[in-house]
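K.L.:
sequence first, predicted coordinates after that:
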Amino acid sequence: MGVARIAVLASGGGSNLQALIDRIAALGAGAPAEIALVISDRRAAGALERATRAGIPTAYVPASAPEGALEAALVDAQIDLIALAGYLRYIPVPVVQRFHARMVNIHPSLLPAFGGAGMHGMHVHRAVLAAGATESGATVHFVDEVFDRGPIAAQGRVPVLAGDDADTLAARVLTLEHRLFPWAVLALARGALALTDDGRVQGARLDLTLDSPLSD
């Protein structure tokens, strides 16, 4: 594949996007990928601002866009891999099929717990606290046609501490996300992480913590 062309899809502030931008910049000429496009369904998304500052092309594809608009933007940019970083829209089935085994998402819980439609952002952290869970974390998984169902590629854990509220728990999980997301995306670009034809994940990293080493 050479240097993989990545599209990052994000609906919000884009801090995981920034973590990937920074990691690729740190690797320099040795990076196995470049971010070729950032797409958001929100015109004012902070992710688009981060991309613009980094000189990365952007696209605004709202929910009201014609059918096929997202796929067309990806094809036009000659995208090899897709990374979802807080993207809140359902990915159309044709896009899922075109990018089978080449699209990953990061989710702020230990999937399969606290996943599915409507479970995103602070909704997840509030649900974790309401359930009385003693730990939470982040999961990177391959994307299929069902929200948060695809095979798990990487997962890390953080404790839920006494006195935590949704904000403090979210901050702890996000710190882990900023390490886990770039590792998984670049591992996929290098071929060190892959999904086999029978749905098995090769090269997965599981049961990580905030202190676990992650090498490129």
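P.N.:
Sure, I can see it. Everything numeric here is computed off the predicted structure, so don't read it as measured data. Numbers count the residues shown, from 1 in each chain.

K.L.:
SS state for I91?
P.N.:
coil (DSSP: H, G, I helix; E, B strand; the rest coil).

K.L.:
so how far is I152 from it?
P.N.:
17 Å (Cβ to Cβ, to the nearest Å). (C-beta placed from N, C-alpha, C; glycine too.)

K.L.:
name the element R5 belongs to?
P.N.:
Per DSSP states H and E: R5 is located in strand 4-9.

K.L.:
tell me the buried residues in that strand?
P.N.:
A4, R5, I6, A7, V8, L9 (16 or more other Cβ atoms under 10 Å).

K.L.:
how distant is that strand from the center of its chain?
P.N.:
Here the centre of strand 4-9 is set off from its chain's centre by 11 Å, with Cα atoms, centre = their mean, to the nearest Å.

K.L.:
any idea of the pLDDT on M1?
P.N.:
You'll see M1 listed with a pLDDT of 62.

K.L.:
and D216, by the same measure?
P.N.:
Looking at D216, the pLDDT reads 60.

K.L.:
list the contacts for L17?
P.N.:
V8, A10, I35, V38, A47, R50, A51, A85 (Cβ atoms under 8 Å, 6 or more residues apart in numbering).

K.L.:
actually E34, sorry about that
P.N.:
E34 makes contact with V3, A4, R5, I6, I24, according to Cβ under 8 Å, 6+ apart.

K.L.:
next helix or strand past the strand holding R5?
P.N.:
Following strand 4-9 in sequence order, the next helix or strand is helix 15-27 (DSSP H and E).

K.L.:
host element of the nearest residue to L214 once chain neighbours are set aside?
P.N.:
Spatial nearest neighbour of L214, excluding adjacent residues (Cβ to Cβ, 6 or more residues apart in numbering): W183 at 4.6 Å. Per DSSP H and E: W183 is located in helix 166-190.

K.L.:
if we can go back for a sec, show me what the strand holding R5 is packed up against.
P.N.:
helix 15-27, strand 33-40, strand 81-85, helix 166-190 (3 or more Cβ pairs under 8 Å, 6 or more residues apart in numbering; DSSP states H and E).

K.L.:
right, I'll leave it there.
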